[in-house]
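> Predicted model follows, preceded by the sequence.
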Amino acid sequence: MRFFIVDAFTDRAFTGNSAGVVLLDEPADPAWMQAVAAEMKHAETAFVVTTDGPKSLRWFTPEVEVALCGHATLATTHVLGGEQTYTTKSGELRAKAQDGWVELDFPSDPPKATDDDLSAILPGVEIEYVGRGVENLFAVLPDAETVKNLEPDLEQLKNTWTGRLLVTAKGNDTDYVSRFFGPGVGIDEDPVTGSAHCILSPYWSEQFQKTELVGHQASARGGIVRTRQDGDRVHLAGQAVTVLSGELHV
C-alpha cells in the first residue's frame, strides 16, 4: 500500500498542515486504520479506496475517526489529481486539482449562538460571540492579535462538549484569522483546519456581506485558505506539497 505525507494549505514544505494519505485497493478494517493513524502521528491520516467512480474516504486522528477533514481531503486530491468524488461520513464530497490549487466542495456549517461559558478555557479574554457548529465550539474574539497570542486552558477544553474549539477575529492582512484547538480528539492545536472554514465562511460572509474571503490560520506553521460561500456549500481552496512517499508493509 502506497502512502504519502503532504503539507496542505501551503506552497512551501514544512508549513501548512501535514496529513498522511494511504491508498487502498479495497476497504480496510477500521481498527487497522486507527493503528496506522496512531503510527503516523499526524493530525489526520486519510484512507482512500482508489476504485473508479466515487471513492470511499475516511479520516483518522491518532486517537479517533472524524466525520470531516478538509486538509487531509485536500492532500488526498493533491495525490490523486484531477476531479474526484468521495463518499464519506459527511456525505458526498467533490474536489478538483487544477493549476497548482485544490478546490474542495464541502457542506456549510453556520454556527448557532449558544450560552456556553468559555471563561475557564479562555481566562481573561473578551469574547464577543459564542456558538456551535456540528462538532466544534466557536468563539469570536475582539481582534487578530488576541487570536494570535491566545493560550487556552487545554485541560478545561478537553472536558467540554467535543473538546474542540475554533476561535476567530477580523484579520489585518486577510479577511479573518483563526486558530483551532482539539485536545478532545488528541490534537492540542491543529496547524490549518479545512473543516473549520465550513463554519468560518458562512459566519464571516454574513459579517462582511460578501461570498469570497481569504482566511489565515495563525498557528506556528500557519496557512492560507480561500473560501467561497455558495448557499449551503462552501468551496475551500488551497495549495499542497508532497514531502514524503513510501510503502506500508503491514
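Structure received.
> Please determine how far residue 144 is located from residue 133.
Counting by Cβ to Cβ, to the nearest Å, the gap from residue 144 to residue 133 is 21 Å. Yep, even glycine has a C-beta here, placed from its N, CA and C like the rest.
> Which residues are in contact with the spatially most central residue of the chain?
Central residue of the chain (Cα atoms, centre = their mean): residue 193, 2.5 Å from the mean position. Counting by Cβ atoms under 8 Å, 6 or more residues apart in numbering, residue 193 makes contact with 17, 70-71, 166, 178, 180, 217.
> In strands, which of those fall?
17, 166, 178, 180, 217 (DSSP state E).
> ok, back up a step: got a markdown table for the contacts of residue 193, with neighbour count too?
Shown next, in a markdown table, are those (neighbours: other Cβ atoms under 10 Å):
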| residue | neighbour count |
| --- | --- |
| 17 | 31 |
| 70 | 28 |
| 71 | 35 |
| 166 | 28 |
| 178 | 28 |
| 180 | 25 |
| 217 | 31 |
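> which among these gets closest to residue 209?
The shortest approach to residue 209 among these belongs to residue 178, at 19.4 Å (Cβ to Cβ).
> give the contact list for that closest one.
Residue 178 makes contact with 147, 166-168, 193, 196-197, 200, 215-218, according to Cβ under 8 Å, 6+ apart.
> quick one: secondary structure of residue 184?
Three-state assignment for residue 184 (DSSP: H, G, I helix; E, B strand; the rest coil): helix.
> Please verify my assumption that it contacts residue 165.
No: using Cβ atoms under 8 Å, residue 184 makes no contact with residue 165, being 9.1 Å away.
> okay, and the common contacts of the two?
Joint contacts of residue 184 and residue 165 (Cβ under 8 Å, 6+ apart) are residue 157.
> Those two - which one has more neighbours?
Per other Cβ atoms under 10 Å, whichever of residue 184 and residue 165 has more neighbours is residue 165, with 27 against 21.
> give the contact list for the more buried one.
118, 121, 136-139, 152, 157, 180-182.
> Try it again at 10 Å.
Going by Cβ atoms under 10 Å, 6 or more residues apart in numbering, residue 165 touches 116, 118, 121-122, 130, 136-139, 150, 152, 154, 156-157, 179-184.
> how about stretch 238-250: buried residues?
Under the neighbour-count criterion of 16 or more other Cβ atoms under 10 Å, stretch 238-250 has 238-241 buried.
> Over to stretch 57-69?
Here stretch 57-69 shows 57-62, 65-66, 68-69 as buried, counting by 16+ other Cβ under 10 Å.
> which one of those residues sits closest to residue 206?
Taking Cβ to Cβ as the measure, residue 206 sits nearest to residue 68 out of the buried residues of stretch 57-69, at 21.2 Å.
> three-state assignment of the closest one?
What three-state DSSP gives for residue 68 is coil.
> Residue 122 now?
Per three-state DSSP, residue 122 ends up coil.
> what's it in contact with, if anything?
Counting by Cβ under 10 Å, 6+ apart, residue 122 touches 130, 139, 141, 146, 150-153, 156-157, 165, 167.
> out of the residues you listed, who's nearest residue 100?
residue 167 (29.9 Å).
> And the residue nearest to the closest one when sequence neighbours are not counted, which helix or strand is it part of?
Nearest residue to residue 167, sequence neighbours excluded (Cβ to Cβ, 6 or more residues apart in numbering): residue 139, at 4.9 Å. Using DSSP states H and E, residue 139 maps to strand 137-140.
> which residues in the chain form helices?
30-40, 70-80, 144-148, 154-158, 197-208 (DSSP state H).
> Residue 96: which of the ones you listed is closest?
helix 70-80 (7.3 Å).
> tilt between that closest one and helix 197-208?
Orientation of helix 70-80 against helix 197-208 (axes from the mean of the first three to the mean of the last three Cα atoms, to 10 degrees) gives an angle of 110 degrees.
> Where does pLDDT dip in this structure?
Applying pLDDT under 70 to the chain flags no residue at all.
> Thank you kindly, that will do.
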